[in-house]
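A.B. asks: just the structure for this:
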Amino acid sequence: LIAPPSMALSQAEASGDRPLRVLVVGAGSISREFSLRHFTQSSTGTVVAGIVDLDESKARELAADVGSAQAGAKVRDADNNKYRAAAQQRRGAPVPHFTSLDVALGEGTCGGEGDEGIDIVYIGTTPNSHLGLVEAALNRGKHVLLEKPIAATRKDADAIVAAAEHAYPNLVVGMNIGMRYNEALIEMKRRILEAKELGPSSSSKLQATLKTHFAQWPREWQIQPWCAGRMEGGPLREVGTHFFSALLEFSGAHDELHSSAVSKPVTARIRANVSYPENGGSDASQQLCETSASGEIVMAGGSLPPGGLAVDLSVRTDAPRDIYELEISAAEAASPAPATTEKSFTLFDFCSLRRSGPDDVLVRNASYGRKECVLALVSEIKRIKNDCHPELGSQIPSIVTARHGRNAQLMLEAILNSNGKWITIEFE
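C.D. replies: Sure thing, here's the model as predicted:
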């Protein structure tokens, strides 16, 4: 886990460089948040230069909102929902909008060279479309920020990793999986693995429960049909990916500072059962996503104690209320723990942390890490262009790579394909 990169970029921005220009592909809920909240010069040193969506009306609407915000209109979240962000009033001119990435990158207003060109393509579309869009952006010489999950299939995930690593260091592909910069998760790891606040037994083995429970799926703001489909949607893909990434970050699977000479690679053994509705469709594109899942995830190596981390997984779509919780405790010890030992730490609602009792909150509503994913990508782009100030040094943050995104995908696919049998993964 890495400290949020805001300090590194704020110093880099002081150089007076122009903001990096972003072409936003997809005009859905998450793209609205990014376009109006995170792709701004004051926030991340970026600016939206165009919108692409197959639905021209959606592209036009978001382009108008972005243009208004860039002209000084205030941005509001309708119904306190950040995914429904919009400009409060119309001002200025809309940014350009398109229905094709190829056309957008071919237009002079978005695809030209120099200051008028696009630097970054943000891909906030359905998972099945990711591979083609990533390859198209890289082929046109653009950096990429890619939404999770990395892809709809392992084959596509492998191809995205190959394309990203072939393009580097000339081009950078980063992913929007904010758990790397989540201050609540960072504090959870510090207290459990470094300060050992769970007591002596935590030095030998940890146990956990991972609950993602929903009153309904899709959630009320997820209006696109694919969110309910088996191929691209479902709670395991949409929400599970966040928490699989949290487990990988917690375990040190993505810790680039540890040496293989002193730390074993992180592995996972996964056994799960997944339930689906009886919708009777033979066409995979028409089949509905999972309604529940239960299983075990046993992780070892990396930063974990010798006995590893055993996680009980529970996913429901018929719960009384939505629950997002990862609770970690020490495995039962033969002798009683000291009175000062904590019983557990719980990461809840993505960005909050509590210990033992429900009222003992240590971190509340921290930044999830979306802005930080943009900051990390911008810092990496500046680093490879030798634009960063020397004094930044090790403060330059590490991006969430395509390989990291594929590791979360491996956990997802193991759960979906297990059918009660153990599947073993060794992470890269």
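A.B. asks: what are the phi and psi values for P218?
C.D. replies: When read as degrees, to the nearest 10, the backbone of P218 gives phi -60, psi 160.
A.B. asks: what's the pLDDT at the spatially most central residue of the chain?
C.D. replies: With distances taken as C-alpha atoms, centre = their mean, the residue of the chain nearest its centroid is I177 (1.6 Å). If you check I177, the pLDDT there is 96.
A.B. asks: residues of stretch 58-78 that come out buried?
C.D. replies: 58-70, 73, 75 (16 or more other C-beta atoms under 10 Å). Every residue, glycine included, has its C-beta placed from N, CA and C.
A.B. asks: among those residues, which lie within strands?
C.D. replies: Members of these lying in strands (criterion: DSSP state E): V75.
A.B. asks: the stretch 101-250 of the chain: helices as residue ranges?
C.D. replies: Ranges of helices within the stretch 101-250 of the chain are 101-106, 108-111, 130-139, 154-167, 183-189, 235, 241-251, based on DSSP state H, counting those that start in this stretch.
A.B. asks: what's the mean pLDDT across the fifth one?
C.D. replies: Okay, so that is helix 183-189. For helix 183-189, the per-residue pLDDT averages 97.
A.B. asks: do the shortest one as well
C.D. replies: The average of the pLDDT scores along helix 235 is 97.
A.B. asks: same check on the fourth one?
C.D. replies: For helix 154-167, mean pLDDT rounds to 98.
A.B. asks: same question, the last one
C.D. replies: Per-residue pLDDT values across helix 241-251 average out to 98.
A.B. asks: how far out from the middle of the chain is it?
C.D. replies: 10 Å (C-alpha atoms, centre = their mean, to the nearest Å).
A.B. asks: show the subsequent helix or strand relative to that helix.
C.D. replies: Remark: after helix 241-251, the chain's next helix or strand is strand 267-275, criterion DSSP states H and E.
A.B. asks: which secondary structure elements does the helix or strand immediately after that following strand in the chain contact?
C.D. replies: Later in the chain than strand 267-275, the nearest helix or strand by DSSP H and E is strand 292-300. Applying 3 or more C-beta pairs under 8 Å, 6 or more residues apart in numbering; DSSP states H and E, one finds that strand 292-300 contacts helix 241-251, strand 267-275, strand 309-316, helix 402-417.
A.B. asks: right, and these - which one's nearest G117?
C.D. replies: Among the helices and strands packed on strand 292-300, the nearest to G117 by C-beta to C-beta is helix 402-417 (23.2 Å).
A.B. asks: tell me what the closest one is packed against?
C.D. replies: helix 154-167, strand 173-176, helix 241-251, strand 267-275, strand 292-300, strand 423-426.
A.B. asks: export these as a markdown table, with columns for mean neighbour count and distance to G229.
C.D. replies: Below are these laid out as a markdown table (neighbours: other C-beta atoms under 10 Å; distance: least, C-beta to C-beta, whole Å):
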| stretch | mean neighbour count | distance to G229 |
| --- | --- | --- |
| helix 154-167 | 18 | 16 |
| strand 173-176 | 26 | 21 |
| helix 241-251 | 25 | 16 |
| strand 267-275 | 19 | 15 |
| strand 292-300 | 19 | 16 |
| strand 423-426 | 14 | 23 |
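A.B. asks: of the ones you listed, which is nearest A27?
C.D. replies: Closest among the helices and strands packed on helix 402-417, using C-beta to C-beta: strand 173-176, at 16.0 Å.
A.B. asks: pull up the pairing partners for that closest one, direction included.
C.D. replies: strand 143-147 (parallel) (DSSP bridges).
A.B. asks: could you give the angle of the strand it pairs with to helix 402-417?
C.D. replies: Inter-element angle recorded for strand 143-147 and helix 402-417: 20 degrees (by axes from the mean of the first three to the mean of the last three C-alpha atoms, to 10 degrees).
A.B. asks: distance from stretch 406-419 to the middle of the chain?
C.D. replies: 16 Å.
A.B. asks: now do that stretch, average pLDDT.
C.D. replies: 98.
A.B. asks: would you put the C-alpha positions of it in PDB?
C.D. replies: The C-alpha trace of stretch 406-419 is given here as PDB (Å, rounded to 0.1, in the frame of the first residue of the first chain):
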ATOM      1  CA  ARG A 406      -5.400  -9.000 -13.900                       C
ATOM      2  CA  ASN A 407      -4.500 -10.400 -10.400                       C
ATOM      3  CA  ALA A 408      -7.900  -9.200  -9.200                       C
ATOM      4  CA  GLN A 409      -9.500 -10.700 -12.300                       C
ATOM      5  CA  LEU A 410      -7.800 -14.100 -11.500                       C
ATOM      6  CA  MET A 411      -9.500 -14.100  -8.100                       C
ATOM      7  CA  LEU A 412     -12.900 -13.200  -9.600                       C
ATOM      8  CA  GLU A 413     -12.700 -16.000 -12.300                       C
ATOM      9  CA  ALA A 414     -11.500 -18.500  -9.700                       C
ATOM     10  CA  ILE A 415     -14.700 -17.800  -7.600                       C
ATOM     11  CA  LEU A 416     -16.900 -17.900 -10.700                       C
ATOM     12  CA  ASN A 417     -15.400 -21.200 -12.000                       C
ATOM     13  CA  SER A 418     -14.700 -23.100  -8.800                       C
ATOM     14  CA  ASN A 419     -18.000 -25.000  -8.400                       C
END
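A.B. asks: hang on, the earlier thing: how about the helices of the stretch 101-250 of the chain, which one is nearest L146?
C.D. replies: Using C-beta to C-beta, the nearest of the helices of the stretch 101-250 of the chain to L146 is helix 130-139, at 6.3 Å.
A.B. asks: on contacts alone, who are the packing partners of the closest one?
C.D. replies: Partner elements for helix 130-139 (3+ C-beta pairs under 8 Å, 6+ apart): helix 101-106, strand 120-123, strand 143-147, helix 154-167.
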